[in-house]
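In: from the sequence below, what's the structure:
(one chain, ligands or ions: 1)
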Amino acid sequence: MTTATHCPYCALQCGMNLESAPGAPLLVTERSFPTNKGGLCQKGWTSAELLSSPQRLLTPLVRDSKGGALRIASWEEALTRIRDGIAGIQERHGRDAIGVFGGGGLTNEKAYALGKFARVALRTSQIDYNGRFCMSSAAAASIKAFGIDRGLPFPIADIAYAGTILLIGSNVAETMPPLMQYFQAQRDNGGSLIVVDPRSTATAKAATLHLQITPGTDAALAIGLLHIAIREGYINKTFIDSRTEGFDAVRQIAALWWPARVERLTGISEHQLAFAARLLGGSSGAMILTARGPEQQSHGVDNVLAFINLALALGKVGKPSCGYGCLTGQGNGQGGREHGQKADQLPGYRKLDNPLHRAYIAKVWGIDEADLPAPGRSAYELLDAMGTEGGVKALLVFGSNPAISAPHAGHIRSRLDALDLLVVSDFFLSETAERADVVLPTAQWAEEEGTMTNLEGRVIFRRRAVEPPDGVWTDLEILTALAGRLGFSKFSSRPREVFEELRRATAGGVADYSGITYERIVAEDGVFWPCPDGRHPGTPRLFLETFPTPSGRAKFHPVEFHPPAEEPDTEFPFYLTTGRVMAHYQSGTQTRRIPMLMEASPGAAVQIHPSMALTYGIQEGAEVRLTSRRGSAVFSAQLTSSIRMDTLFVPFHFAGEGSANLLTNPALDPVSRMPEFKICAVRLDKGTSC
Ligand code: SF4
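Out: Below is the predicted model:
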């Protein structure tokens, strides 16, 4: 039997088929879907292996006392333990003593149900999710500038027709290989690709121009390019006058960023700056795409706004083959931030601090608006406060592994251990689940149906290909059972019923799904939101006529350059930057359990420039220790001249001593509360001793 579905991992959500035969494991085969056109990366091809992994959790586990071992338990015992724990903690410490931590990989149905569970069944304000660590800066910047946050406001097919693309801080060739076919088509159509990255990645090597930027100077680059664009007459005055507001203040700032000043900060030569500005300004169609590089910084929102200013000034927004976009990372990073997992949000991108929005959602949920909590803490702040006076005393984790993925991970692990109750729902015993008091085994993507929203804002449908193993429940079944034990019956474990409620809850909201049905998604290869009724075709391209701001105009923001929270000094002389490698995904809970992927990328390696390795007497493959102000970690040395001499790179997928987030800096962006994963200062030592 063939089941048409999608890959469980990243935001491209490549279409794939799962072939099943009696007695045989599921097999991934090619499926022609508009986004990936049959292509998959090695993670997609091997994804079905996890369904029959011997490491899967098949029963609940409970820990009788702190420091004791996890033991097998029945669902009844596990759920009763959770209910009693929640009741006792809320009685002693109040409703907000229970926290919920979700994930950007959960389906829309699960993200919606989790947000409702927190606000209705727990009545806690303390819910956020790991998407805060991924897309929140671009989301906040897009809302400020355009009045809406949809990662790409156009389909990825448009990439092929852009004259010039400026891609900042993304290594698409490794993180989303099937997407490269669109960049290749763009080059074949005569287009130019400019890649901004401190490393000469596979993506940078495929570019027309690689700008090997000093980490943390993205805003200076964007403002400097705008300076040249103004000087050389590339700006589009007609577009600025008719469709935007606030340009004058931005122009005044740009006037001070002459190329020599930008070169000194960014390390990008005046010649390269002029060439980049000419490619962008001289193209009839141009796109500016950001990813985690400029976004995961303590001034990530300003960085993104600086690039949006550039796109607006060039008039490259709201027209075919033009636009600013964010390349979302996690599988449902887009949908996960639309339906209520975020600390300040309600479904449909409604806001918890808006009385009208609160009243609407309270009616859908059948509760008194006064019973809806206020906005809560952001992800890192929620985790940082665990077990402290005023912080949560219990945490329920769904689809996330913060022991690996949170910044300053050593500290976060100690906070997890300080909780009175930690509950983790996962397929495997992740590093967070290892610390839990109760672990709940949950179904994987091919064992349940549901919708995801990909990086284009296209809502897609995942079918169930097989039944979950005996003893394994879906997250919706877990939430429904827990809500029932807490006295709330208005929860459904059926994805279709949850989606129907989600449609009602999002009706009239910014992210309006009310015209989307499972049947339409299947028939139309996905539907782009907003889609406000059943006859609406969906909205592949936004901003063609207007922007959803109060004035209908896009807004410039007069942002300045701010240095990173931490820069190299004599004690910690290198920039450290982190990211993904092709074989692994996020905290590695899944991909570290696939032999072929571990063979391709077996452990944490630090990229070091050969000149620096020579200075430190470090050979290829040698063990080295990196130390930051927060901790230290051990890696094998990978010598490569593709990295700047002042910069080291490590992937963040690994556990144990090679866990990159032991080093990273939790300095938060003041608007998005995004931690500064991308930059911190470290010391490099040969060998593993401190
Ligand atoms: Fe899966 Fe992303 Fe790879 Fe596509 S690019 S196969 S969605 S991990």
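In: next, count neighbours for the residue in the stretch 101-250 of the chain positioned nearest to the ligand.
Out: As assessed by Cβ to the nearest ligand atom, the ligand sits closest to residue 176 within the stretch 101-250 of the chain, at 4.4 Å. Any C-beta I mention is one placed from the backbone N, CA and C, and that applies to glycine too. Close neighbours of residue 176, defined as other Cβ atoms under 10 Å, add up to 27.
In: separation between it and residue 287?
Out: Noted for residue 176: a distance of 16 Å to residue 287, by Cβ to Cβ, to the nearest Å.
In: swap in residue 259?
Out: For residue 259, the distance to residue 287 (Cβ to Cβ) stands at 23 Å.
In: for the ligand, what are the nearby residues on this protein?
Out: 7, 9-10, 12-14, 36, 40-41, 43-44, 176-178 (Cβ under 6 Å from any ligand atom).
In: tabulate those residues (a markdown table), appending secondary structure and distance to residue 114.
Out: Formatted as a markdown table, these follow (DSSP: H, G, I helix; E, B strand; the rest coil; distance: Cβ to Cβ, whole Å):
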| residue | secondary structure | distance to residue 114 |
| --- | --- | --- |
| 7 | coil | 22 |
| 9 | coil | 20 |
| 10 | coil | 21 |
| 12 | coil | 24 |
| 13 | coil | 20 |
| 14 | coil | 25 |
| 36 | coil | 28 |
| 40 | coil | 29 |
| 41 | coil | 28 |
| 43 | helix | 25 |
| 44 | helix | 26 |
| 176 | coil | 26 |
| 177 | helix | 31 |
| 178 | helix | 29 |
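In: which pair in those has the greatest spatial separation?
Out: 13 and 177 (14.0 Å; Cβ to Cβ).
In: out of the two, which sits in the more crowded spot?
Out: More crowded of residue 13 and residue 177, by other Cβ under 10 Å: residue 13, with 28 against 20.
In: hang on, the more buried one packs against residue 454?
Out: Yes. The criterion here is Cβ atoms under 8 Å, and residue 13 meets it with residue 454 at 4.1 Å.
In: overlap in contacts, these two.
Out: Counting by Cβ atoms under 8 Å, 6 or more residues apart in numbering, the common neighbours of residue 13 and residue 454 are 35, 460.
In: host element of the residue lying closest to residue 411 once chain neighbours are set aside?
Out: Leaving aside its chain neighbours, residue 411 sits nearest to residue 630 (7.0 Å; criterion: Cβ to Cβ, 6 or more residues apart in numbering). Using DSSP states H and E, residue 630 maps to neither a helix nor a strand.
In: surely residue 113 meets residue 498?
Out: Yes. With contact defined as Cβ under 8 Å, residue 113 reaches residue 498; the gap is 5.6 Å.
In: of those two, which one has the most company?
Out: residue 113 (29 against 24).
In: for the spatially closest residue to that one that is not a sequence neighbour, give me its contacts.
Out: The spatial neighbour of residue 113 that comes closest, neighbours along the chain excluded (Cβ to Cβ, 6+ apart), is residue 479 at 5.1 Å. Applying Cβ under 8 Å, 6+ apart, we find residue 479 in contact with 110, 113-114, 117, 491, 493.
In: surely residue 479 is within a strand?
Out: No. With DSSP: H, G, I helix; E, B strand; the rest coil as the criterion, residue 479 is helix rather than part of a strand.
In: what is the burial count for residue 138?
Out: Per other Cβ under 10 Å, the neighbour tally for residue 138 reads 32.
In: list the contacts of it.
Out: 149, 151, 290, 295, 300, 304, 326.
In: next one: residue 579
Out: By Cβ under 8 Å, 6+ apart, the contact list for residue 579 reads 171, 292, 649, 651-652.
In: which among those residues gets closest to residue 520?
Out: Closest to residue 520, out of all of the contacts of residue 579 and judged by Cβ to Cβ, is residue 292, at 32.1 Å.
In: now do the buried residues in stretch 590-608.
Out: For stretch 590-608, a neighbour-count test (16 or more other Cβ atoms under 10 Å) marks 590-594, 597, 600-601, 604-608 as buried.
In: how long is that stretch end to end?
Out: Using Cα to Cα, to the nearest Å, one end of stretch 590-608 lies 28 Å from the other.
In: now the strands for the stretch 301-450 of the chain?
Out: For the stretch 301-450 of the chain, the strands defined by DSSP state E, counting those that start in this stretch occupy 323-326, 345-346, 350-351, 394-398, 421-426, 438-441, 450-453.
In: can you redo the ones you listed as CSV with mean neighbour count and mean pLDDT?
Out: Formatted as CSV, those follow (neighbours: other Cβ atoms under 10 Å; pLDDT from 0 to 100):
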stretch, mean neighbour count, mean pLDDT
strand 323-326, 27, 96
strand 345-346, 26, 96
strand 350-351, 19, 96
strand 394-398, 27, 98
strand 421-426, 26, 98
strand 438-441, 26, 98
strand 450-453, 28, 98
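In: any low-confidence regions in the protein?
Out: Residues of the chain meeting the criterion pLDDT under 70: 689-690.
In: what's the closest non-adjacent residue to the residue of it found nearest the ligand?
Out: Using Cβ to the nearest ligand atom, the closest approach of the chain to the ligand is made by residue 44 at 2.5 Å. Nearest residue to residue 44 in three dimensions, chain neighbours excluded: residue 7, at 4.2 Å (Cβ to Cβ, 6+ apart).
In: ditto for residue 592
Out: Leaving aside its sequence neighbours, residue 592 sits nearest to residue 598 (Cβ to Cβ, 6+ apart; 6.3 Å).
In: pretty sure that neighbour sits in a strand.
Out: No. Judged by three-state DSSP, residue 598 forms no part of a strand; its state is helix.
In: count the residues that sit near the residue nearest to residue 452 when sequence neighbours are not counted.
Out: Leaving aside its chain neighbours, residue 452 sits nearest to residue 332 (4.5 Å; criterion: Cβ to Cβ, 6+ apart). By other Cβ under 10 Å, 30 other residues sit near residue 332.
In: next one: the one 10 residues further on
Out: Each residue near residue 342 was counted by other Cβ under 10 Å, and the total is 27.
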